[in-house]
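**Q** here is my input, please return the structure:
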Amino acid sequence: MDMHEWGQWALLMVSAFGAGVLNAVAGGGSFLTFPALVAAGIPPIAANATSALAVSPGYLGSTLGFRKELAAMDPRVLWREAAIAAAGGVAGALLLLVTPAKVFSGVVPWLLLFATALFALGPAIARWANAHRGGQGGQRGGSARGIGLLLVSVYGGYFNGGLGILLMALYTVVGESELSRVNALKNLCSLVLSLLSVATFVAGGLIAWPQGLAMMLACTLGGYWGAHWSRLLPAPWLRRGVIGIGLAMTVAFFLKQA
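**A** Residues are numbered from 1 along each chain as shown. Okay, the predicted model is just below:
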């Protein structure tokens, strides 16, 4: 490899490690992996799919961390939520597969802007959701809960940014009263739709395998160290850093279109 190729690989590995750290502490890791893959010459649609693969191990760890809360829930609710998330994740991934490359490139800056806004407004969205909490209880919610979960899952399968915030807001609004349950359901749905969407991307031939596998390893290592560093770094600083990265990447992609 020449120096340019070494530089691209260094960028990918550093971004993946940083994404693992961010996802363990504050979220927003895709703001690093997706732009890095595009900068390394991966077409935007393939970069989006490969980025989803790179950050996917974190969802398994997060879900296992809430296994006690999940075990205490009605299995019928968990199966229903998982099935809806799976259907939405596959639908979003299939939508990406049929999106023309030029169209997706035009949508990317808006998706980044939306995801950045979601992350920035996350605490305010949580407060609003708590104020407008549904009154039907945590295991109800009816058709509104199912439809909302399906729509959020389609978005997550298409473009992962801000997914966790949307899921947490949804579950809070439909009546989940305990934060631990909200987090457990959010992580379960994120894991299921991530696995199914990545499997769809694999079947569609979108994954850049050498980059994706290497970034999965770096992201997992970053998540391990991020769990340790989260005790040392002030969360508000990290949130501001993620927002700054998101805005910088949004501006860069808008300028690239100009």
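**Q** contacts for the helix or strand containing residue 9?
**A** According to DSSP states H and E, residue 9 maps onto helix 3-25. Helix 3-25 has contacts (CB atoms under 8 Å, 6 or more residues apart in numbering) with 1, 28-33, 35-37, 39-41, 54-55, 58, 211, 214-227, 229-230, 233, 235, 238, 242. C-beta coordinates here come from the backbone N, C-alpha and C atoms, glycine included.
**Q** the chain: helices as residue ranges?
**A** Ranges of helices within the chain are 3-25, 30-39, 44-55, 57-65, 67-71, 75-98, 101-120, 122-131, 142-158, 163-173, 179-203, 209-229, 235-257, based on DSSP state H.
**Q** how about the first one: buried residues?
**A** What that stands for is helix 3-25. By neighbour count, with 16 or more other CB atoms under 10 Å as the criterion, the buried positions of helix 3-25 are 8-9, 11-13, 15-25.
**Q** nearest to residue 155, of those?
**A** For residue 155, the closest of those turns out to be residue 23, at 17.9 Å, with distances computed as CB to CB.
**Q** how far away is that closest one from residue 182?
**A** When CB to CB, to the nearest Å is applied, the distance between residue 23 and residue 182 equals 18 Å.
**Q** and residue 172, by the same measure?
**A** In this structure, residue 172 lies at 6 Å from residue 182, with CB to CB as the measure.
**Q** and the spatially most central residue of the chain, what does it touch?
**A** Within the chain, one residue has its C-alpha closest to the average C-alpha position: by CA atoms, centre = their mean, that is residue 160, at 3.8 Å. By CB under 8 Å, 6+ apart, the contact list for residue 160 reads 30, 51, 52, 55, 194.
**Q** where does pLDDT dip in the stretch 51-200 of the chain?
**A** Per-residue confidence of the stretch 51-200 of the chain (counting by pLDDT under 70) places the weak regions at 133-141.
**Q** can we see that at 50?
**A** For the stretch 51-200 of the chain, applying pLDDT under 50 flags the ranges 136-140.
**Q** residue 127: neighbouring residues, count only.
**A** When neighbours are counted by other CB atoms under 10 Å, residue 127 registers 12.
**Q** now do residue 83
**A** Other residues lying near residue 83 total 13 when counted by other CB under 10 Å.
**Q** please renumber so the chain begins at 854
**A** Noted, 854 is the first residue going forward, which turns the last one into residue 936.
**Q** any idea how far it is from residue 911?
**A** Remark: distance between residue 936 and residue 911 (CB to CB) = 22 Å.
**Q** is residue 1011 in contact with residue 948, as I believe?
**A** Yes. Counting by CB atoms under 8 Å, residue 1011 does reach residue 948; the two are 5.3 Å apart.
**Q** so which of these two has more stuff around it?
**A** A count of neighbours by other CB under 10 Å puts residue 1011 above the other of residue 1011 and residue 948, at 23 against 15.
**Q** quick one: residues contacting residue 904.
**A** Shown here is residue 904, whose contacts under the criterion CB under 8 Å, 6+ apart are 883, 886, 887, 890, 1013.
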